[in-house]
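Peer 1: Turn this into a structure:
(one chain, ligands or ions: 2)
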Amino acid sequence: MCLFCKIVNKEIPANIELEDENFLAFHDINPKAPVHILVIPKKHIAGFNEVDAQTMADITPFIQTLVKKLDIKQSGYRLICNIGENGGQEVMHLHWHVLGGAKLKFDHLSDADPKDFL
Ligand code: 5GP
Ligand code: ZN
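Peer 2: Ligands and ions are numbered 1, 2, ... in the order given. Presented below is the predicted three-dimensional model:
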């Protein structure tokens, strides 16, 4: 069972911010911003390449509710979905990073200088 499935099953503890029947939002263990939440479907989906349209539709109001609860709706935030090796995905269970609470740098979550790509 993957790491995030273990969090869904409460086999590994997590600081849960919001939960419904289909989705879970919990604090990242290694936060890169004052607010850094991971949003996952409770069912195991390896990544964005595998996600169905209904799950994407349903996750939208869940994240919108989450950012209201976190009080970052008006100040702004960033949603990041890392995909595969080049995308920097380390946990193979679909997740969205929700980053906020401060003005974010361009390279949040990246280990490379964007100038390297020019
Ligand atoms: P990825 O690089 O796959 O997009 O992001 C995985 C994220 O999961 C990382 O930001 C990492 O800090 C977080 N993470 C890894 N293991 C755990 C854990 O056991 N608990 C929590 N809450 N976050 C984790
Ligand atoms: Zn999983």
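Peer 1: Sketch out the low-pLDDT regions of the chain for me.
Peer 2: Where the chain drops to pLDDT under 70, the residues are 111-112, 114, 117-118.
Peer 1: Just the buried positions in the longest helix along the chain, please.
Peer 2: Ranked by number of residues, the top helix in the chain under DSSP state H is helix 53-69. Along helix 53-69, these residues count as buried under the neighbour rule (16 or more other C-beta atoms under 10 Å): 59, 62-63, 66-67. The C-beta positions use only the backbone N, C-alpha and C, and glycine is treated the same way.
Peer 1: what are the pairing partners of the helix or strand just after it, and which direction each?
Peer 2: As assigned by DSSP states H and E, the chain's next helix or strand after helix 53-69 is strand 77-80. Using DSSP bridges, the strands paired with strand 77-80 are strand 96-100 (antiparallel).
Peer 1: Flag every residue of this protein that's near ligand 1.
Peer 2: Residues of the chain lying close to ligand 1 by C-beta under 6 Å from any ligand atom are 3, 12, 14, 26-30, 38, 82, 88-91.
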